[in-house]
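*Asks:* attaching a predicted model along with its sequence, questions to come.
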Amino acid sequence: MTTRSSSIFSYRGVLSGAIVTLLMIAPIVGRAQETVTRELIKPGPAEPRPRPVCGAVRPSETPTAANRERARDASQRGQQAALLGDGATAIRILRDAATLDPTASDVAFQLASAYETAKDSENAVKEYCRFLSLAPTSPEARTVVDKIRILSPPRIEQVIDLPLAVFRSGIAAYRRGELSTADSAFSAAILGDSAWADAYYNRGRVRLLLGDRQHAGADFAAYLRLNPEARDRLDVSNELATLGLGAYSFSPLPTLAWGILIPGAGEFYTHRPVRGILTLLGVGGSGFMAFMERTTVSPRRTERPYLIAGAAAAGAVWLISALDATIYARSTVDDQRRVAFMVTPGTSGLVAQVSLSR
């Protein structure tokens, strides 16, 4: 009887311990699964993507100087006709201008706008595509891409969406642990569709695992730029800040003030310490040269032969550093988000707060 009672008690103890253990590890397993899910790269669309694709544009022949001038005059007349509401005349004149100078991107843009106003979507898309082929890096390029998406009927490449196929091969390589292959695949997908935000994100994730922090940061920044409404924008921005790769923005005026007040301070303010150190060394070395003394025997006197040259060199290095930091600060202001980190005392200790603002 005693043995049986002990056996039953033992079984009950084991069962109770197992239940308690499961209850204790369940939240941990759930959090671990949640972490794994959050760390997975983006799977991409399940179907081929509907996206307007500009057809191949034949390279334009270089016009003569006379034809360039005639095209410029015709373009001005076409603009005037468009402003007066004479769309038919504007299209006719701008078409002549495009024939005279097929390399003029402004003529292609004006002609596309005239077609768009005339509700001729097909020719408008054709001219907008020609504009993109002539000026792919122009400030208007992104607006033109949006116009093409609106004007062209959505179509799905039913045969094959090559960038998507390469993208999926990158995901498969990532899941097999073949990170270099995944990096190459996502790079190929970006080459096929340079505006695909998820491809940049996945390549950044892979490069981060490969230890390439700098290029990973550039990919994450491209992801945020191409997908400003992303749900995980705050998480990616905070991750960039944690890794020291955040997209900081700096005010040009304080940068210039610091740069003028202290040699190299503007460079330190904009988080470029190497340039700041080089500035200090340059100003210090030039100052040392400026105050070098030389004593003559007859007549006996002390002079500084390098005073003017040294002072000029120190001033030049100082000023160039301040201007360089200010130009850099100005380039970071547009389309950036400032990452601020603040530690404040709380009721139960220190409270860290990360805030993002434009």
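*Replies:* All right, it came through fine.
*Asks:* what segments of this protein are strands?
*Replies:* Applying DSSP state E to the chain gives strands spanning 294-296, 301-303, 338-346, 349-357.
*Asks:* quick one: the helices in the stretch 101-250 of the chain?
*Replies:* In the stretch 101-250 of the chain, the helices defined using DSSP state H, counting those that start in this stretch lie at 105-117, 121-134, 141-151, 162-176, 179-192, 197-209, 213-226, 233-242.
*Asks:* pull the CA atoms of the shortest one into PDB?
*Replies:* Taking C-alpha atoms only, helix 233-242 is exported to PDB below (Å, rounded to 0.1, in the frame of the first residue of the first chain):
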ATOM      1  CA  ARG A 233       8.700  52.500 -40.700                       C
ATOM      2  CA  LEU A 234       9.200  53.400 -37.000                       C
ATOM      3  CA  ASP A 235      10.800  50.000 -36.300                       C
ATOM      4  CA  VAL A 236      13.200  50.300 -39.200                       C
ATOM      5  CA  SER A 237      14.100  53.900 -38.300                       C
ATOM      6  CA  ASN A 238      14.800  52.900 -34.700                       C
ATOM      7  CA  GLU A 239      16.900  50.000 -35.900                       C
ATOM      8  CA  LEU A 240      18.900  52.300 -38.000                       C
ATOM      9  CA  ALA A 241      19.400  54.600 -35.000                       C
ATOM     10  CA  THR A 242      20.400  51.700 -32.800                       C
END
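*Asks:* mind checking how far Glu303 is from Thr295?
*Replies:* The spacing between Glu303 and Thr295, counted by C-beta to C-beta, to the nearest Å, is 8 Å. Just so you know, the C-beta spots here come from the backbone N, C-alpha and C atoms, and that holds for glycine as well.
*Asks:* repeat for Pro263
*Replies:* Counting by C-beta to C-beta, the gap from Pro263 to Thr295 is 29 Å.
*Asks:* one more: Arg213?
*Replies:* 55 Å.
*Asks:* neighbour-wise, which of those two wins?
*Replies:* Arg213 (14 against 8; other C-beta atoms under 10 Å).
*Asks:* ok, and the closest non-adjacent residue to Leu280?
*Replies:* In space, and not counting its chain neighbours, Leu280 is closest to Gly264: 4.8 Å by C-beta to C-beta, 6 or more residues apart in numbering.
*Asks:* how close does the one you found get to Pro254?
*Replies:* Distance, Gly264 to Pro254, by C-beta to C-beta: 15 Å.
*Asks:* how confident is the prediction for the residue nearest the centre of the chain, by pLDDT?
*Replies:* Most central in the chain under C-alpha atoms, centre = their mean is Ala222, positioned 3.4 Å from the mean C-alpha point. Looking at Ala222, its pLDDT is 85.
*Asks:* was I right to think it contacts Ala195?
*Replies:* No. The criterion here is C-beta atoms under 8 Å, and Ala222 misses it with Ala195 at 9.7 Å.
*Asks:* once you drop chain neighbours, what's closest to Asn123?
*Replies:* Nearest non-adjacent residue to Asn123, counting by C-beta to C-beta, 6+ apart: Tyr115, 4.4 Å away.
*Asks:* the strands of the chain: lowest mean pLDDT?
*Replies:* strand 338-346 (a mean of 41).
*Asks:* before we move on, the earlier item: looking only at neighbour counts, state which of Gly264 and Pro254 leads.
*Replies:* Between Gly264 and Pro254, counting by other C-beta under 10 Å, Gly264 is the more crowded of the two (26 against 14).
*Asks:* can you report phi and psi for that one?
*Replies:* Here is the backbone geometry of Gly264 (degrees, to the nearest 10): phi 80, psi 0.
*Asks:* quick check: Ala329 touching Trp258?
*Replies:* No. At 10.0 Å, Ala329 and Trp258 do not qualify as touching, with contact defined as C-beta under 8 Å.
*Asks:* the two: who's more crowded?
*Replies:* Taking other C-beta under 10 Å, Ala329 and Trp258 do not tie; Ala329 has more neighbours (23 against 20).
*Asks:* model confidence for the residue nearest to Asn202 when sequence neighbours are not counted, exactly?
*Replies:* Nearest in space to Asn202, with sequence neighbours left out and distances taken as C-beta to C-beta, 6+ apart, is Ile41 at 4.2 Å. According to the prediction, Ile41 has pLDDT 82.
*Asks:* thought Ile41 was touching Ala199?
*Replies:* No. Counting by C-beta under 8 Å, Ile41 does not reach Ala199; the two are 9.9 Å apart.
*Asks:* who has more neighbours out of those two?
*Replies:* Legend: neighbour count by other C-beta under 10 Å for Ile41 and Ala199, higher for Ala199 (31 against 19).
*Asks:* contact partners for the closest residue to that one other than its chain neighbours?
*Replies:* Of all residues not flanking Ala199 in the chain, Ala189 sits nearest, at 4.4 Å (C-beta to C-beta, 6+ apart). Residues near Ala189 by C-beta atoms under 8 Å, 6 or more residues apart in numbering: 163-164, 166-167, 170, 196, 199.
*Asks:* Throw the residues you listed into CSV and include pLDDT and distance to Gly276, thanks.
*Replies:* Compiled in CSV, these are given as follows (pLDDT from 0 to 100; distance: C-beta to C-beta, whole Å):
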residue, pLDDT, distance to Gly276
Pro163, 76, 42
Leu164, 82, 46
Val166, 85, 43
Phe167, 90, 42
Gly170, 90, 40
Trp196, 87, 38
Ala199, 92, 36
